[in-house]
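Undergrad: I'd like to go over a predicted model; first the sequence, then the structure.
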There are 2 protein chains.
Amino acid sequence: MTERLHPRARQIVDAARDLLEQHGRDALTMRRVADRIGIRAPSLYKHFPDKAAVEIALIADGLGEVATVLEAAEERTKRTGAAESLADLATAYRSYALAHPHLYRLMTERPLPRESLPAGLEDRAAAPLVRATGEEHLARATWAFAHGMVMLELAGRFPADADLDATWRIGVRALLPR
Amino acid sequence: MTERLHPRARQIVDAARDLLEQHGRDALTMRRVADRIGIRAPSLYKHFPDKAAVEIALIADGLGEVATVLEAAEERTKRTGAAESLADLATAYRSYALAHPHLYRLMTERPLPRESLPAGLEDRAAAPLVRATGEEHLARATWAFAHGMVMLELAGRFPADADLDATWRIGVRALLPR
DNA sequence: GTCTATAGTGGGATAGAC
DNA sequence: GTCTATCCCACTATAGAC
């Protein structure tokens, strides 16, 4: 979605993404990616040097989508107060992560391969939150809260009867700029 | 550390932990565990039914240590205010996670195997934070903040020049009960 | 409770023909 | 740019002797 790739490379990344999202990280193998587009695994190496390069393309796609989703939330609440803006950003972030759990984990579990990513992409994804909090420390604290909530939710670590909507509200409210 | 195990089982879990902590999750294999204590891998299966059982023992150990560390922090700041208490709990939590990154990840990345854990262990680990925040929603929000900070820190996702001590202070301050 | 031997599965990646 | 053939690796786990 993000970078223009050769059609075949695009097809490989799309197949990799389907596998990852539908069957999880362990299902993302070069053999299975190849199967899915009807070629043999060794042929993939004419389009990507190794598996890590395919994963980087997935991360770039996901990061671009997060940026787009947050920018859209920001646009929607442009002229409302800080409380609504931050709440909407949080909702958008949470929705994206829960809709793409395995991709979200892939995107966040390691250092970003910054040299291999489109220039400015990381900043673009971070910008809406920095604008909403008005300050980088608070932006980072809020990101950490959101990331922690999402990860614990995805890992099934909260009690089954926990009211997580309420937890999100309370967290976002506490982290509002004062 | 937590449960009394047969000496040989204890030795296996300790070896598994060394491997995990020193070389990461991928290095935790039954072969390497066996190597480390000078036996062959198949012999491990006389002491544990499978690899998952060894991991569960690691998780139980780690969870018990987290509980102990948080209880100690709580004890130290027993008669100070809520702000100091929460800050000390946060510092203790962060220190433990950063000192045992791979174990911390193992402990938090999946649903807890609650049926296989000592009774009350999860509650014991959670209790200090619930007491400090006085309320379960705020306790969960604060846990999420701390978990998010730790995971992003461990994953190297913050800018190299970010002042994370300041981010922790700001987050903990914002999440204080009001 | 340890061993040897091995089954069974799967992975990433390369060489070289076409 | 695709193929076949293959290398080399690693893993969990079981069977059966001692």
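TA: Arrived safely, thanks for sending.
Undergrad: What residues does chain A have near DNA strand C?
TA: For chain A, the residues in contact with DNA strand C under the definition CB under 7 Å from any atom of the strand are A:28, A:29, A:30, A:31, A:32, A:41, A:42, A:45, A:50, A:51, A:52. C-beta coordinates here come from the backbone N, C-alpha and C atoms, glycine included.
Undergrad: Of the residues you listed, grab the buried ones for PyMOL.
TA: For selection in PyMOL, the members of those meeting the burial criterion (16 or more other CB atoms under 10 Å in any protein chain shown) are listed in this command:
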select buried, chain A and resi 28+30
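Undergrad: and the residues of chain A next to DNA strand C near DNA strand D, which?
TA: A:41, A:42.
Undergrad: Sitting in helices, which of the residues of chain A next to DNA strand C do you find?
TA: With DSSP state H as the criterion, helices contain A:30, A:31, A:32, A:41, A:42, A:51, A:52 from among those.
Undergrad: Now do the helices in chain A.
TA: Shown for chain A, the helices assigned by DSSP H span residues A:7-23, A:30-37, A:41-44, A:51-76, A:82-99, A:101-108, A:121-133, A:136-154, A:164-174.
Undergrad: Which of those helices sits closest to residue B:174?
TA: Set against residue B:174 and scored by CB to CB, these come closest in helix A:164-174, at 4.9 Å.
Undergrad: can you put the residues of chain A next to DNA strand C in JSON lines and add pLDDT?
TA: Listed next are these as JSON lines, based on pLDDT from 0 to 100:
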{"residue": "A:28", "pLDDT": "98"}
{"residue": "A:29", "pLDDT": "98"}
{"residue": "A:30", "pLDDT": "98"}
{"residue": "A:31", "pLDDT": "98"}
{"residue": "A:32", "pLDDT": "98"}
{"residue": "A:41", "pLDDT": "98"}
{"residue": "A:42", "pLDDT": "98"}
{"residue": "A:45", "pLDDT": "98"}
{"residue": "A:50", "pLDDT": "98"}
{"residue": "A:51", "pLDDT": "98"}
{"residue": "A:52", "pLDDT": "98"}
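Undergrad: Tell me the residues of chain A that contact chain B?
TA: A:108-112, A:136-138, A:140-141, A:143-149, A:151-152, A:155-158, A:162-164, A:166-167, A:170-171, A:174-175 (CB under 8 Å from any CB of the partner chain).
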